[in-house]
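Asker: Fold the stuff below for me.
(2 chains)
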Amino acid sequence: MKTSLSEPAHNPFLPRPSTTRRVELVVRWGLRGLTYFILLCISTILLTIAIKGSQAVFQAEWPYINVEFLTQAPETLHVFEADGKTHELSDSQFRATYEANGLTPPPDRTYAHAGGGIFPAIIGTLLLVAGAMTIAMLLGIASAIFLSEYGSSGPLLRLIRLSILNLAGVPSIVYGLFGFGLFVIFLDWNISLLAGWFTLAFMVLPVIISASEEALRSVPTGFREASLALGATRWTMIRTSVLPYALPGILTSSILGIARVAGETAPIMFTAAYLLRDQLPWEGLDHWYDFFFQGVMALPYHLYVVSAKLPQNAYTERMQYGTAFVFLIIVAVMALTSILLRIKIRSRHNW
Amino acid sequence: MKATPPQTEFHLSRRREDRLLGVGRQALLKAFFGGNAIVAVIVLLLITFFLFREGLSFFPQYRSDMELFRRSGMEYSSIVKQEHNQFNVLLGQLVNIRKQQIETLESKGLSREDIARQTAPMQAYIYSFSDLSLPLRNYQIKVRDLASETYKEAKSNAIEHRDAPGHAHDGHEHEIDYAGTISQIKASFPELTALNNQLENDILRVLREFPELNDPALRSEAESFRQNAIAFAAGLPRYAAALAEASPEQHVGLMESIKAFLFGDHWIVNNNGHSLFGLLPLLTGSLMVTGIAILLAIPFGVGAAIYTNQMARRGESSFIKPCIEFITAIPSVVIGFFGIAVFGTLVREVSQVPWLDWLPGFPVAERLNAFTAGCLLALMAIPTIFTLSEDAINRVPRIYAESSLALGATRFQTTMFIVVPSAISGIVSAVLLGIGRVIGETMVVLLCAGNRIRIPDFTEGPGVAFQPVHTMTGIIAQEMGEVAQGGIHYRALFCVGVVLFLLTLLINFAAQKIFHHTRVGE
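Answerer: The predicted structure follows:
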């Protein structure tokens, strides 16, 4: 007993070193390396945008948040040298400083879209998301209820499910193409909020239907049977015994859908988004219904434009990284809500 | 007669307000939900229908356009243009030699004047060589002008015809003199033959005056130029023969227009009123970017899935999983922005490092190329592949692993030889869905792939990955905003959309089939 303790090398249960074990070790560490490399890449992207973007959104002195960036519309940026220093002023400030005072402006370089803020784009994105999700959820959840509660399984239902499943994989640009052809040109809605809503709604519709159906189906059959056995009608059964338990799941999938809708650029590029629009959506309307037939600015499209069309330099960086940062935060909040919601629901409903 | 409520429902409640127009409330509710489902399905069918209607009507239009092109003699002009382009390729080779010459001299640290003096003979040679093509160019312009006038006339006529078909019979339509143009062009054929003979002699004469080059690397380039030039000179009669062979009266079939779309290698919009819509450059671009992305994403996605499910500790895997899943939430335009602002520049800077020269394609000429886009797309495909593969591995029945372990296999052996192979169908379908996601991605390729509409030069070997490309999704996004509605360009873009639609549908369908057919343990 004493000898075996003092000489652990003789322990017959210890694995002996061999080629197999060495290969195993290499593969294990290789896979671990791959996994953490992905995380490294993703954190590099997020950190780059967060660090540079926060410089645009936050500032050192009171009120610590760059209010102008979050509340103004994009403007042309003027960059000029005066008193041996480089100044950057957005167009309206530039005019206020010089033209209003009757001074001659110094020679300057201008960068379109690089000054001002992104308020209209934030508003536009939120409007687009809200409208599209309302349409998609009304249509999607009702369809899912029919498919899972009313529809009797047969070849027709299988075909519908199959087509919905397949349509979920169709590229977003194809939906954009469809929306452009049908709403913008064929129905002559022009580039408008309405066209964008429907395009985006139809894009997420397959996802919402299949996810809601999944949530409905995960409610145990016993609940339904118990309710029906007590004499409830089918609708009462659905309302009281199925929907309350499925609704959290439906909401989770819907919020994921929201994140997707908010992040898409391709479908709204030529159905709803304007490059620049001075007025906010509720300003300057002749009739109340004009609200629906106007294009809006949107964060994803704005980011595309400022990153593709502007040169990369210190003056345009603020707009580029700032937009990406704000956009990322909005989408991340949505995605995080859904993840937290899912975790909470999973722990609560454990049938 | 009172309508009886549906027999399948058992009603305890018999209140009056439950009925509306003799239909039970339950039936109404069912109809409401059913109606919604029908609306949803109709909408999705409508998308398919509308897409195909717009997309497929491209072919007849393209056919008639091609026919006008041929009848008006533009085809002749394009043949002469091909000859001229071929000549310009030779010229480009010469210019390239001179560029290399300058670069080597610069690297030796010579002053600008010295370089200019040393490369002067080459410069003079380039001028004299390019002068040779002047008569050819004049001839091409002449033929083009003759034909394009007729072509434009015919085209505007066709548009009028389409917009107001009733007017065609009241003598409003003026006759277009196709035959006159053609005969005029045909009359000029001897001119081209004479011109080609002259050009052949000139090229062979000028080749003898090629300036001396000291650099052995440049000498081999010069030799390749010489051979190309001789081959070009020898092949000149080919163009005259092609001119003689082309028959403007020949009818263009619908199949021909479909072939011209699917296998055409040029996508040129509005070149002298004529557009070429060849899918091949876009298709190769899409496939190349997707290929690069998937080659990168498979090891990472599947490897991470195996590691997370089989090897990681519980805490570790519950940290890794949401992190990788979070990538899905990052908007593609943000990733594209990162590519254009940081990653593209990084790739080019890394490629300038001298001791990496042995890598194919290095140093990279363009900041934005297929590789840049492919890397970022790989990142976007990883969560799809990871999540679905992890699911598939997780679904392998425990008894498989337990039997293996009971027989004395180690955990590692069980993972690699039992669990992962059992999940292989799930992994394959995960990879397919990843491909589907990548091929339909728009913003990253639009921002990072370089947007050059040309079939990449595959003679470069693996270095081809560093050339800029354009993709099917990219072209739709880029050109859709500026097209005239209902025009041929608009329809062509819809046609690209149809191809994309079918491609992704096929991939999705295959993924589902593989997944369901070879599922283990059920």
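Asker: Three-state assignment for the spatially closest residue to residue B:444 that is not a sequence neighbour, please.
Answerer: Leaving aside its chain neighbours, residue B:444 sits nearest to residue B:336 (4.4 Å; criterion: C-beta to C-beta, 6 or more residues apart in numbering or on different chains). (Each C-beta comes from the backbone N, C-alpha and C, glycine too.) Classification of residue B:336 by DSSP: H, G, I helix; E, B strand; the rest coil places it in helix.
Asker: Just give me the neighbour total for residue B:336.
Answerer: Residue B:336: 30 surrounding residues under other C-beta atoms under 10 Å in any protein chain shown.
Asker: these two touch, right, it and residue B:473?
Answerer: No - between residue B:336 and residue B:473 there is no contact under C-beta atoms under 8 Å: 11.9 Å.
Asker: Tell me the residues of the stretch 201-350 of chain A that contact chain B?
Answerer: Within reach of chain B by C-beta under 8 Å from any C-beta of the partner chain, the stretch 201-350 of chain A has these residues: A:202, A:205-206, A:209, A:231, A:233-235, A:256, A:259, A:262-266, A:269-270, A:300, A:303-304, A:307-308, A:312, A:320-321, A:324, A:327-328, A:331-332, A:334-335, A:339.
Asker: redo that, cut-off 7 Å
Answerer: Applying C-beta under 7 Å from any C-beta of the partner chain, we find that the stretch 201-350 of chain A lies next to chain B at A:202, A:205-206, A:209, A:231, A:233-235, A:259, A:263, A:265-266, A:269-270, A:300, A:303-304, A:307-308, A:312, A:320, A:324, A:327-328, A:331-332, A:335, A:339.
Asker: hmm, which of those are the buried ones?
Answerer: A:202, A:205-206, A:209, A:233-235, A:259, A:263, A:265-266, A:269-270, A:300, A:303-304, A:307-308, A:320, A:324, A:327-328, A:331, A:335, A:339 (16 or more other C-beta atoms under 10 Å in any protein chain shown).
Asker: quick one on the thing from earlier: which residues does the residue nearest to residue B:444 contact?
Answerer: Contact partners of residue B:336, counting by C-beta atoms under 7 Å, 6 or more residues apart in numbering or on different chains, are B:443-444, B:446-448.
Asker: a strand runs through residue A:88, doesn't it?
Answerer: Yes - counting by three-state DSSP, residue A:88 is part of a strand.
Asker: Count the residues that sit near it.
Answerer: For residue A:88, using other C-beta under 10 Å, the count is 17.
Asker: Could you report the neighbour count for residue 302?
Answerer: This is for chain A. Neighbour tally, residue A:302, other C-beta under 10 Å: 28.
Asker: I was thinking of chain B, sorry if that wasn't clear
Answerer: Other residues within reach of residue B:302, judged by other C-beta under 10 Å, total 25.
Asker: So for the host helix or strand of it, what gets flagged as buried?
Answerer: In this structure, residue B:302 sits in helix B:280-306 according to DSSP states H and E. Across helix B:280-306, burial judged by 16+ other C-beta under 10 Å covers B:281-286, B:288-290, B:292-294, B:296-298, B:300-306.
Asker: give me the subset of those touching chain A.
Answerer: Among the buried residues of helix B:280-306, the residues that sit close to chain A (C-beta under 7 Å from any C-beta) are B:300, B:303-304, B:306.
Asker: Which ones among the contacts of residue B:336 map onto helices?
Answerer: B:443-444, B:446-448 (DSSP state H).
Asker: which ones are touching residue A:254?
Answerer: Neighbours of residue A:254 in contact, by C-beta under 7 Å, 6+ apart: A:133, A:137, A:208.
Asker: which one of the residues you listed is nearest residue B:412?
Answerer: Of all those, residue B:412 sits closest to residue A:208, with 41.9 Å by C-beta to C-beta.
Asker: for stretch B:460-473, which positions count as buried?
Answerer: Residues B:463-473 are the ones in stretch B:460-473 that count as buried (16+ other C-beta under 10 Å).
Asker: out of those residues, which one sits closest to chain A?
Answerer: In terms of C-beta to the nearest C-beta, no member of the buried residues of stretch B:460-473 lies closer to chain A than residue B:473, at 4.8 Å.
Asker: Just give the closest residue to that closest one, not the sequence neighbours.
Answerer: Residue B:473's closest residue in space is residue B:442 (C-beta to C-beta, 6+ apart), at 4.2 Å.
Asker: Repeat that for residue A:166.
Answerer: residue B:508 (5.0 Å).
Asker: In this structure that neighbour contacts residue A:167, no?
Answerer: No - using C-beta atoms under 7 Å, residue B:508 is not in contact with residue A:167, being 8.8 Å away.
Asker: Closest one of the contacts of residue B:336 to residue B:69?
Answerer: residue B:446 (30.4 Å).
Asker: measure that closest one to chain A for me?
Answerer: 7 Å (C-beta to the nearest C-beta, to the nearest Å).
Asker: Now do the contacts for residue A:179.
Answerer: A:195, A:198-199, A:267, A:271.
Asker: Tell me the one among those nearest to residue B:121.
Answerer: residue A:267 (58.1 Å).
Asker: Tell me the helices and strands packed up against the helix or strand harbouring that closest one.
Answerer: For residue A:267, the host element (DSSP H and E) is helix A:266-269. Secondary-structure packing of helix A:266-269 (3 or more C-beta pairs under 7 Å, 6 or more residues apart in numbering or on different chains; DSSP states H and E): helix A:172-179, helix A:193-217.
Asker: and with 8 Å instead?
Answerer: In this structure, helix A:266-269 makes packing contacts with helix A:172-179, helix A:193-217, helix A:299-309, helix B:472-479, judged by 3 or more C-beta pairs under 8 Å, 6 or more residues apart in numbering or on different chains; DSSP states H and E.
Asker: Can you give the distance of that helix from its chain's centre?
Answerer: 13 Å (C-alpha atoms, centre = their mean, to the nearest Å).
Asker: Before I go, just wanted to say thanks for your time.
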